[in-house]
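Peer 1: pasting a predicted model and its sequence here:
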Amino acid sequence: MNILGVESSCDETAAAVVADGRRVISNVVNSQIDIHKVYGGVVPEVAARSHLEVVIPVINEAVEGAGGWDNIDAIANTTMPGLIGSLLMGSLSARELAIIKDKPYFPVHHVEAHVYANFLGDNPPKFPFLALIISGGHSQIVLFRDHGNYELIGQTMDDAVGEAFDKVAKIIGLPYPGGPSIAAAALEGDPNRFKLPKAHMQGKYDFSFSGLKTAVLRAVQDAVDVDHTYPSTKLAEKLSSKQQHDFAACFQKVACETLVDKLVLATEEFQPKSVVIAGGVAANQELRRQLKERLPIPIDFPAPKFCTDNAAMVAALGYYKAQKVTPTDPRHVEVIPSISMSETKWG
C-alpha cells in the first residue's frame, strides 16, 4: 500500500510516498531555513506564504517520483499541531487532492508522526517502547503499547528543548537554528567550565528548560562583567570565542542530561523492549552519546534526514492508521494548532 504523506506544520514543505509504512519511494522537502535565518526564528506569516508557493510543486514531484497518481493508494496529512497558517496550506492542498483523485484520507498528529520515522526501514521498534520526542516545539516521553495505543507520561512545562537551544544560541551569538550551531561550537568547548542547574519538577517525568536558559543568560552576564539589566541582544559581542564555545558545551551537556535522566527513570519503571528517539533534537550527537552510555536496552534513532520535519514519517503513520481506522471525509477536517497526543489516541 503506497501512502502519499504531506507535511507543512512549521517551516518545511514536504511530500513523500512510502510503501507499506517502511519503504521510502520518494521524499521531497523544501526547507525555509535560509528565509527565517534572517529573522533569527520562524515568522508564521512568512512561513505560510512560502508553503503556498511551493506545496503543489512539492506534492507533484513526490507523486511523479512514485510513478504517478495511479500508484497512490491513500493520502496522509499533518493537520495538528503547528502554525495555523502553515497547517492550512498543506491541509487544504492534501484534502482537495484526496477529493479530486478519489483517495482515502487520513489526518495525523505531527508529534506522533515523528515517532514513525523510526518505522522506516527493515527493523521497526518492538512494542511496548518508550518514545522521547524532542524538537523545537515539543519535548515529551510517551509509552507506546501498540499503534495508536499510547500514554503521555512526561512533557516540558515551558520551553521545548529545541526552543531552548535556539534561545541560548541567540544569547551567545550563534546562528539559527540553534541545535546544529550549538552542537558544532560545543565540540571546541569545555562542558564543565560553567555550573548550570537542572530543574526539579513535581511531575516525575516532566521537564523544564526555561530556568536553564535563564541560568545561561545570568552566567554570560557575569562572565562579561555586566549587571542583569544589560540587554541580552548585546551580550554576544562581549564574549570571546573560547567563552562562546564553553557556554555552548555546558548548556548542551546539561540539556541532554535533563532528558536522559528522566528517560532512565521511565525505563526502570516501565521496562520497555526498546527506546525510540524522535524529532529534530534526536540528531544531536551528545544526546546520542549519553543515551548509549546510560541506557541498558536497545535504542532506535531515525536516520538523520528523517529527524527533522519530513513527510515520509507522516506517510508511515498514515499506513498504520489505514490498517485500523476508517478514512476521514476530507471535507470535514479542521486544522488544530495546539493539541496534545493524549487527546488523539486511535488504537
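Peer 2: That came in fine, so what should we check first?
Peer 1: tell me the SS of the closest residue to Ile72 other than its chain neighbours?
Peer 2: Excluding its sequence neighbours, the residue lying closest to Ile72 (Cβ to Cβ, 6 or more residues apart in numbering) is Leu4, at 4.9 Å. Using the backbone N, CA and C atoms, a C-beta is placed for each residue, glycine as well. Three-state assignment for Leu4 (DSSP: H, G, I helix; E, B strand; the rest coil): strand.
Peer 1: residues contacting Leu4?
Peer 2: For Leu4, the contacting residues are 15-17, 59, 62-63, 66, 72, 74-76, 103, 315, by Cβ atoms under 8 Å, 6 or more residues apart in numbering.
Peer 1: out of those, which are buried?
Peer 2: 15-17, 59, 62-63, 66, 72, 74-76, 103, 315 (16 or more other Cβ atoms under 10 Å).
Peer 1: what's the most distant pair in the residues you listed?
Peer 2: Across the buried ones among the contacts of Leu4, no pair lies farther apart than Ala16 and Lys103, at 15.0 Å, counting by Cβ to Cβ.
Peer 1: now for the chain, the helix or strand with the poorest mean pLDDT.
Peer 2: When the helices and strands of the chain are compared on mean pLDDT, DSSP states H and E, helix 33-37 comes out lowest with a mean of 88.
Peer 1: send the alpha carbons of that one over as CSV?
Peer 2: Only the C-alpha atoms of helix 33-37 are listed here, as CSV (Å, rounded to 0.1, in the frame of the first residue of the first chain):
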residue,chain,number,x,y,z
ILE,A,33,15.7,27.8,7.0
ASP,A,34,17.5,30.3,4.8
ILE,A,35,14.4,32.5,4.7
HIS,A,36,13.9,32.5,8.5
LYS,A,37,17.6,32.7,9.4
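Peer 1: pretty sure Lys198 sits against Leu212.
Peer 2: Yes - with contact defined as Cβ atoms under 8 Å, Lys198 counts as touching Leu212 (7.4 Å).
Peer 1: joint contacts of the two?
Peer 2: 254, 258.
Peer 1: higher neighbour count, these two?
Peer 2: Leu212 (24 against 16; other Cβ atoms under 10 Å).
Peer 1: what's the separation between that one and Glu112?
Peer 2: In this view, Leu212 and Glu112 are 27 Å apart by Cβ to Cβ, to the nearest Å.
Peer 1: cool, Leu196 as well?
Peer 2: For Leu196 relative to Glu112 (Cβ to Cβ), the value is 32 Å.
Peer 1: between those two, which is the more surrounded one?
Peer 2: Per other Cβ under 10 Å, whichever of Leu196 and Glu112 has more neighbours is Glu112, with 25 against 19.
Peer 1: thought that one was touching Thr344?
Peer 2: Yes - contact criterion Cβ under 8 Å: Glu112 and Thr344 qualify, at 6.9 Å.
Peer 1: can you report how many residues lie near the closest residue in space to Ala283 that isn't next to it in sequence?
Peer 2: Residue nearest to Ala283 in three dimensions, not counting chain neighbours: Cys307, with 4.3 Å by Cβ to Cβ, 6+ apart. Residues within reach of Cys307, counting by other Cβ under 10 Å, total 23.
Peer 1: is it true that Cys307 touches Asn118?
Peer 2: No - applying Cβ under 8 Å as the test, Cys307 and Asn118 come out as separate, 10.2 Å apart.
Peer 1: which neighbours do those two share?
Peer 2: Residues touching both Cys307 and Asn118 by Cβ under 8 Å, 6+ apart: Ala278.
Peer 1: so where does the nearest residue to Gly21 once chain neighbours are set aside fall, helix or strand?
Peer 2: Leaving aside its sequence neighbours, Gly21 sits nearest to Tyr319 (Cβ to Cβ, 6+ apart; 3.5 Å). In the assignment (DSSP states H and E), Tyr319 maps to helix 312-322.
Peer 1: now do that helix, average pLDDT.
Peer 2: On average, the pLDDT along helix 312-322 is 98.
Peer 1: please save the CA atoms from it in PDB.
Peer 2: Output of helix 312-322 as PDB, limited to C-alpha atoms (Å, rounded to 0.1, in the frame of the first residue of the first chain):
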ATOM      1  CA  ALA A 312       7.900  10.200   5.000                       C
ATOM      2  CA  MET A 313       7.200   9.900   8.700                       C
ATOM      3  CA  VAL A 314       3.600  11.200   8.000                       C
ATOM      4  CA  ALA A 315       3.100   8.600   5.300                       C
ATOM      5  CA  ALA A 316       4.400   5.900   7.600                       C
ATOM      6  CA  LEU A 317       2.000   6.800  10.300                       C
ATOM      7  CA  GLY A 318      -0.800   7.100   7.700                       C
ATOM      8  CA  TYR A 319      -0.200   3.500   6.700                       C
ATOM      9  CA  TYR A 320      -0.600   2.100  10.200                       C
ATOM     10  CA  LYS A 321      -3.700   4.200  10.700                       C
ATOM     11  CA  ALA A 322      -5.200   2.800   7.500                       C
END
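Peer 1: thanks again, I'm all set now.
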